[in-house]
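Student: turn this into a model:
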Amino acid sequence: MSIRKVGLIDSIARALAVTLLGASALPAAAQLPTPNAAGISTGHVHLTVPDVEKHAQIWRLLGAEEKSAGRLRLLSFPGIYVLLTEGQPAAPSIETTANHVGFSVNDFAAYKAKLAEIGATIFFENADEGQILADLPDGVRIEILTEPNQEAPIVFHHYHLSAPQAEELRGWYLDVFSAEPSERRNLPSALVPGGRVDFIPARGEPPKPSRGGAIDHIGFEVADMDAFAAHAQSLGIEFDRGPMRVDAIGLTIGFFTDPAGTYIEVTQGLSAVE
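Tutor: Down below sits the predicted model:
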């Protein structure tokens, strides 16, 4: 373990202990997992859509449960929240660094039928392996993977990012989010509680930055924003916005951008949403 990771863990030990002690008291429906030793887990993915009500219905048909944090509207899946902002996306997700978002399901046929119902366009399908890549209306690509023994109908699985230097980008995520190195389908991956970040080596022209695209940004939950911010800044990361407390949504939030151009939000308090 690197010295900088140890420093992050030491600096948030007290806050994380409180988080872990309280985890058993969270309701069974709590969506975000117990964080890793550095206090980090999956959080949310934020989409730009032309019609919020239309897309809220799409995600409800896929299995989302609606929740709220103050004025913030959340579409909840085990391991992730989906948030929607109304606007015209600057590019479909496959043209940006935030290529797609993946979920595992326990019934391939049922979810193929749901995709047809919501008007998704299937880009790739492998029924033998239970895999589908599909484009939702207005430009968000999702991947469906089948886990027949999974108890929940649908669970968050991964963010899939595209970058010319995928291996190097994984190293950045390992350092920043204290993730564990892994691979999937012989490609680099970084594991955090609740899911993983996978990396596709981009070919040809570099993908566009995600900000303003169909997948505007990806999110991670942290146990202690002050400690995380100090850790990030020790790695030379400059926040684009925040960190700051937003009472209207009951969260502390901050934004920065990864080396490939993926916009990232970190939150503190999202794990407490019931």
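Student: hey, what's residue 83 bridged with?
Tutor: Following DSSP bridges, residue 83 is listed with bridge partners residue 46.
Student: what distance do you get for it to residue 43?
Tutor: 10 Å (CB to CB, to the nearest Å). Where you see a C-beta, it was placed from the backbone N, CA and C, and this is true even at glycine.
Student: likewise residue 177?
Tutor: 11 Å.
Student: swap in residue 213?
Tutor: According to CB to CB, residue 213 and residue 43 sit 18 Å apart.
Student: residue 273 now?
Tutor: Plainly put, residue 273 is 11 Å away from residue 43 if you go by CB to CB.
Student: between the two, which contacts overlap?
Tutor: residue 81 (CB atoms under 8 Å, 6 or more residues apart in numbering).
Student: between these two, tell me which one has more neighbours.
Tutor: Between residue 273 and residue 43, residue 43 has the larger neighbour count (other CB atoms under 10 Å), namely 28 against 21.
Student: doesn't the more buried one fall inside a strand?
Tutor: Yes - counting by DSSP: H, G, I helix; E, B strand; the rest coil, residue 43 falls inside a strand.
Student: so residue 187 bridges to which residues?
Tutor: Residue 187 has these beta-bridge partners by DSSP bridges: residue 184.
Student: so residue 177 sits against residue 220, correct?
Tutor: Yes - contact status for residue 177 versus residue 220: in contact at 6.1 Å, counting by CB atoms under 8 Å.
Student: please enumerate the shared neighbours of those two.
Tutor: Residues touching both residue 177 and residue 220 (CB under 8 Å, 6+ apart) are 40, 192.
Student: show me where the chain has its helices.
Tutor: 3-11, 13-23, 52-61, 108-117, 166-177, 225-234 (DSSP state H).
Student: so what touches the longest one?
Tutor: Residues external to helix 166-177 that are found in contact with it (CB under 8 Å, 6+ apart): 2, 4-5, 38, 40, 161, 163, 179-181, 187-190, 192, 197, 199-202, 220, 231-232, 235, 237, 258-260.
Student: show me these that map onto strands.
Tutor: Among those, the members falling in strands are 40, 161, 163, 180-181, 187-190, 192, 197, 199-201, 220 (criterion: DSSP state E).
Student: just the buried ones from those?
Tutor: Buried subset of the ones in strands among the contacts of helix 166-177 (neighbour count, 16 or more other CB atoms under 10 Å): 40, 161, 163, 188-190, 192, 197, 199-200, 220.
Student: quick one: low-confidence ranges for the stretch 1-150 of the chain?
Tutor: Within the stretch 1-150 of the chain, the set of residues satisfying pLDDT under 70 comprises 1-30.
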